[in-house]
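Visitor: coordinates for the following, if possible.
(2 chains)
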Amino acid sequence: MAAELTTTLRDHVGRETPLYFAERLTEHYRNKSRTTGDGPEIYLKREDLGHSGSHKMNNALAQAMIARRLGCSRVVAATGAGQHGVATAAACAKLSLECTVFMGTTDIEKQSSNVLSMKLLGAQVSSLEGTFQDASSEAIRNWVENLQTTYYLSGTVVGPHLSPVMVREFQSVIGKETRKQAKRLWGGKPDVLVAFVGSGSNALGLFHEFVGDEDVRLVGVEAAGLGLDSGKHSATLAVGDVGVLEYPGVGPEISFLKETGRVEFYTATDKEAIQDWRGIIPALEASHALAFLDKLVPILHDGAKVIVNCSGRGDKDIDTLIKRGNPSSLSRVTKINHFSLNISLINYFHVRSKSLATMSLMIITVLSGTESQRLWLEKKHY
Amino acid sequence: MATSGTASTFRPSVSASSRLTHLRSSPPFKVPNFTPLPSSRSHSFSVSCTIAKDPTFLMAEAEKTKAAGSDPTLWKRPDSFGRFGKFGGKYVPETLMHALSELETAFYSLATDDDFQRELAGILKDYVGRESPLYFAERLTEHYRRENGEGPLIYLKREDLNHTGAHKINNAVAQALLAKRLGKKRIIAETGAGQHGVATATVCARFGLQCIIYMGAQDMERQALNVFRMRLLGAEVRGVHSGTATLKDATSEAIRDWVTNVETTHYILGSVAGPHPYPMMVRDFHAVIGKETRRQAMEKWGGKPDVLVACVGGGSNAMGLFHEFVDDTEVRMIGVEAAGFGLDSGKHAATLTKGDVGVLHGAMSYLLQDDDGQIIEPHSISAGLDYPGVGPEHSFLKDMGRAEYYSVTDEEALEAFKRVSRLEGIIPALETSHALAHLEKLCPTLPDGARVVLNFSGRGDKDVQTAIKYLEV
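Guide: Numbers count the residues shown, from 1 in each chain, chains lettered A, B, ... in the order given. Here you go, the predicted model:
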């Protein structure tokens, strides 16, 4: 199976992904934060170039192959932003497996493109009230009810054993390639590795290979949303407490690495994450890791080699970016949803009177809402 | 920083002996749309409308082309005037002539410039993500397997995996590098679907160049997301409202801008159309697709492909795959155009099937025109194939019988879009879906074990919202 997986990763997913020297970013930091000296060199591990646009595919394909080997005909999964859902649907299509993806209704509304992609790829999308947390529970429930035929495809290093180890193993191809590429490019190891930490899969995928190399610094960046003091963030490791969390939380191995001090954790806000990345539109998650460079670079020595895991491309985030400046947090923990605010206000005024205020709010929603929001509005009011 | 130079890059195909600089390469007047006499079809007509100091030399050249006949190795692709047979050339205002010669000279000199080649190879590898895989499509192959177990083997050349999701970036990156070498700081481009616009904006951001994209106002509405992407990457997007406000008008506007700003500006044309040297240059920048394919085919099955299939709008992805194999006459080449609502509906973009010879955007080629020589507005569900012209080299290959051209309707393309997503877990661009749809007609006619390489020119994320209006999922 290892040979089959390698060939599939190469021909279907497009591995190995490049280790790209970000010339303009390096130059930007050289001019910005130093008066003398060359500054560090910034490299991007281009997981955004993998099929389906993120690192999620590495794991989805490998697990789908296991499902087939186990004789399962059906796969269930849960997804939040939709990337894991799309990767799972794609892997199942390729391997002729039936696929059901569980997704919370709030997420379905926000990620209509991903939902459509999943359906086009032949997956069934099962919606339920709630968020990723609830979708995960439902997926596991479904798995337990159909153990003979069904395989539960976990997308991340969270959850009960074996998930964390398995997903980490399949994502560790990222780190293995990086070691080889670093050797080829400059004959050594990286000095610093930086990765976004949501639940931890792309971070562990890059870090795992280097955990034993004490001279390689490992930096995880979480989402600080509107800021750590605002209460609207998902910086679990920076601010959270130890508990038995399903999600929002973070993988157990990552928590362990923090406890032992092997990995350092910082945060980046929404505002810091939205910048001009010079010819790449990274996913918002990856942008957090890139944003942290602003604080990291000034304290590094000249010629230090920094590798940032560019874990996904940002096409899925265009709708969000269009509404840039919107004070909603981009994290999953708490959010102000302008859409729901508009609708509740519309309902309020509608009950009182068919007023100008109602019309204005409807117009605002039509002008600034996403397509799914507009469709919702059409259905309700016309 | 060391970069590996193993990825092969462009090499111009015109031999040194045919570069005759002492002859003027085009007339000082603009030739209007050319409609052949009703009695003869275009391939028996030979056009020579260039003024040469030595007319006997031209006649000798024409004789040579006729004699070359069916041996592709003797064909000049293109000749010194930028002609592929009678197609191609440089039908442009005088102000552009110098810029075009300068471009041609720069292109030839960079072909032998090792530094440039190394830099380009490095960018193609680490920034664009080449080489793209040659992927054996197991479930598609199974789908086309006949009852007796026989059938062709389908391989997909994965240009969808490139940065920005299509083959367009190969050309954009190379031309941006070339522009920098020429000292130009300002880049302009035209775009229809937005993919070439996004690729251009991307490389300009990468190289720190000013970027202006011309896009038809109608297209801007249809492709709002791509417009936003271009702006996010720092480009200025200018809407064009003249004519039918689509790709052909955007191209005309871009050419107008270039005429005005020729000293400071480089025009990154997005396809193998336009005046010489663009058809040759864009083809050579995309030829990396075909070169990789040859190597990968040798590695995978120790031979060459039997059939090459690609969709044709302007023709760049097709030429990128075909060019390497034109001299291998046992390799069959098939281009697939957009038949829109059907060839008889009048709403299609099947230029090579239904068009006539004329001049558009600086080159002589087949184009969709009415009896008065006015351009007919094309239609296709896929914006990238929605062009009323076609690259002159495709016109040439068709007339010489080297390549075959067919067409596929919107409906057939949508079916293929859904089918390939379900079978292989890869969502194709609607443009690519046209090539995939043609497999339905092609595969039953192929012998057992025939190896088909299809250029998977782009991914379909950009088309999901459009497709969903027509498909039931």
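Visitor: what sits opposite the residue nearest to B:Asp356 when sequence neighbours are not counted in the beta ladder?
Guide: Among residues not flanking B:Asp356 along the chain, B:Gln369 sits closest, at 5.9 Å (C-beta to C-beta, 6 or more residues apart in numbering or on different chains). No exception for glycine: its C-beta is placed from N, CA and C like everyone else's. Listed beta-bridge partners, B:Gln369: B:Ile375 (assigned using DSSP bridges).
Visitor: so A:Met103, which state does it fall into?
Guide: Following DSSP: H, G, I helix; E, B strand; the rest coil, A:Met103 is assigned to strand.
Visitor: err, A:Phe256, not the other one
Guide: Assigned with three-state DSSP, A:Phe256 falls in the helix class.
Visitor: remind me which helix or strand B:Ala339 belongs to.
Guide: B:Ala339 belongs to strand B:332-340 when assigned by DSSP states H and E.
Visitor: can I assume the residue nearest to B:Asp356 is in contact with B:Gly389?
Guide: No. Taking C-beta atoms under 8 Å as the definition, B:Gln369 is not a contact partner of B:Gly389, at 9.6 Å.
Visitor: spit out the residues that contact those two alike.
Guide: B:Gly355 (C-beta atoms under 8 Å, 6 or more residues apart in numbering or on different chains).
Visitor: more neighbours, the two?
Guide: A side-by-side neighbour count of B:Gln369 and B:Gly389, using other C-beta atoms under 10 Å in any protein chain shown, places B:Gly389 first with 31 against 21.
Visitor: which residues of the stretch 351-473 of chain B lie near chain A?
Guide: Within the stretch 351-473 of chain B, the positions near chain A by C-beta under 8 Å from any C-beta of the partner chain are B:417-418, B:421-427, B:461, B:464-465, B:467-468, B:471, B:473.
Visitor: one step back: which neighbouring elements make contact with whichever helix or strand comes after the strand holding B:Ala339?
Guide: Sequence-wise, the next helix or strand downstream of strand B:332-340 (DSSP H and E) is helix B:351-354. For helix B:351-354, the packing partners by 3 or more C-beta pairs under 8 Å, 6 or more residues apart in numbering or on different chains; DSSP states H and E come out as strand B:332-340, strand B:363-367, helix B:392-399, strand B:403-409.
Visitor: for stretch A:308-327, buried residues please.
Guide: A:308-321 (16 or more other C-beta atoms under 10 Å in any protein chain shown).
Visitor: for stretch B:365-384, same thing?
Guide: Buried residues in stretch B:365-384, defined by neighbour count with 16+ other C-beta under 10 Å: B:365-369, B:375-376, B:378-384.
Visitor: now these in TSV, please, with extra columns for distance to B:Arg402 and pLDDT.
Guide: Converted to TSV, these look like this (distance: C-beta to C-beta, whole Å; pLDDT from 0 to 100):
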residue	distance to B:Arg402	pLDDT
B:Ser365	16	96
B:Tyr366	15	96
B:Leu367	20	95
B:Leu368	23	95
B:Gln369	24	93
B:Ile375	27	90
B:Ile376	27	90
B:Pro378	25	91
B:His379	28	91
B:Ser380	25	91
B:Ile381	29	90
B:Ser382	25	89
B:Ala383	28	84
B:Gly384	24	85
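Visitor: any weak-confidence spans in chain A?
Guide: Low-confidence segments of chain A (pLDDT under 70): A:33-35, A:157-161, A:225-249, A:323-382.
Visitor: mind listing the strands for it?
Guide: Counting by DSSP state E, chain A has strands at residues A:19-21, A:41-46, A:74-78, A:98-104, A:124-128, A:150-152, A:192-196, A:217-223, A:263-268, A:305-310.
Visitor: the buried residues of stretch A:308-327 in helices, which ones?
Guide: Mapping the buried residues of stretch A:308-327 onto helices (DSSP state H) picks out A:Ile318, A:Asp319, A:Thr320, A:Leu321.
Visitor: of these, which is the nearest to chain B?
Guide: Of all those, chain B sits closest to A:Ile318, with 5.8 Å by C-beta to the nearest C-beta.
Visitor: flag the least confident of the residues of the stretch 351-473 of chain B next to chain A.
Guide: Between these, the one the model trusts least by pLDDT is B:Val473, at 71.
Visitor: how far away is B:Met281 from chain A?
Guide: Distance, B:Met281 to chain A, using C-beta to the nearest C-beta, to the nearest Å: 22 Å.
Visitor: is it true that that residue touches B:Phe107?
Guide: Yes. Between B:Met281 and B:Phe107 there is a contact at 5.4 Å, judged by C-beta under 8 Å.
Visitor: those two: who's more crowded?
Guide: B:Met281 (24 against 20).
Visitor: so the more buried one sits in a helix?
Guide: Yes. The assignment for B:Met281 by three-state DSSP puts it in a helix.
Visitor: report pLDDT for it.
Guide: Here, the pLDDT recorded for B:Met281 equals 96.
Visitor: tell me the spacing between the closest residue to A:Lys183 other than its chain neighbours and chain B.
Guide: Excluding the flanking residues, the one nearest A:Lys183 by C-beta to C-beta, 6+ apart is A:Lys189, at 7.9 Å. Per C-beta to the nearest C-beta, A:Lys189 is found 16 Å from chain B.
Visitor: for A:Lys189, give me phi and psi.
Guide: phi -110, psi 160 (degrees, to the nearest 10).
Visitor: OK, contacts around it?
Guide: Residues near A:Lys189 by C-beta under 8 Å, 6+ apart: A:Arg179, A:Ala182, A:Lys183, A:Phe210, A:Asp213, A:Asp215, A:Val216, A:Lys305.
Visitor: so which bits of the stretch 201-350 of chain A are right by chain B?
Guide: A:Asp276, A:Arg278, A:Gly279, A:Ile280, A:Ile281, A:Asp315, A:Ile318, A:Leu321, A:Ile322.
Visitor: quick one: residues contacting the third one.
Guide: With contact set as C-beta under 8 Å, 6+ apart, A:Gly279 has these partners: A:Arg24, B:Tyr127, B:Thr202, B:Val203, B:Cys204, B:Ala205, B:Arg206, B:Phe207, B:Leu233.
Visitor: any low-confidence regions in the stretch 1-150 of chain B?
Guide: Applying pLDDT under 70 to the stretch 1-150 of chain B picks out residues B:1-68.
Visitor: nearest spatial neighbour of residue 176, chain-adjacent residues omitted?
Guide: Defaulting to chain A. Excluding its sequence neighbours, the residue lying closest to A:Lys176 (C-beta to C-beta, 6+ apart) is A:Glu209, at 5.5 Å.
Visitor: wrong one, I was asking about chain B
Guide: Distances taken as C-beta to C-beta, 6+ apart place B:Val203 nearest to B:Ala176, at 4.1 Å, with adjacent residues excluded.
Visitor: report the buried members of the contacts of A:Gly279.
Guide: Among these, the ones that count as buried by 16+ other C-beta under 10 Å are A:Arg24, B:Tyr127, B:Thr202, B:Val203, B:Cys204, B:Ala205, B:Arg206, B:Phe207, B:Leu233.
Visitor: take those and keep only those in helices.
Guide: Applying DSSP H to those, the entries found in helices are A:Arg24, B:Thr202, B:Val203, B:Cys204, B:Ala205, B:Arg206, B:Phe207.
Visitor: for the nearest residue to the first one once chain neighbours are set aside, what are its contacts?
Guide: Nearest residue to A:Arg24 in three dimensions, chain neighbours excluded: A:Arg278, at 4.4 Å (C-beta to C-beta, 6+ apart). Shown in contact with A:Arg278 (C-beta under 8 Å, 6+ apart): A:Ala22, A:Arg24, A:Leu25, A:His28, B:Ala205, B:Arg206, B:Gly208.
Visitor: so which residues of the stretch 1-150 of chain A form helices?
Guide: Secondary structure of the stretch 1-150 of chain A (DSSP state H, counting those that start in this stretch): helices located at A:2-8, A:23-33, A:56-69, A:83-94, A:105-110, A:112-120, A:132-145.
Visitor: re the thing from before, which of the residues of the stretch 201-350 of chain A next to chain B sits closest to B:Gly340?
Guide: A:Asp315 (27.3 Å; C-beta to C-beta).
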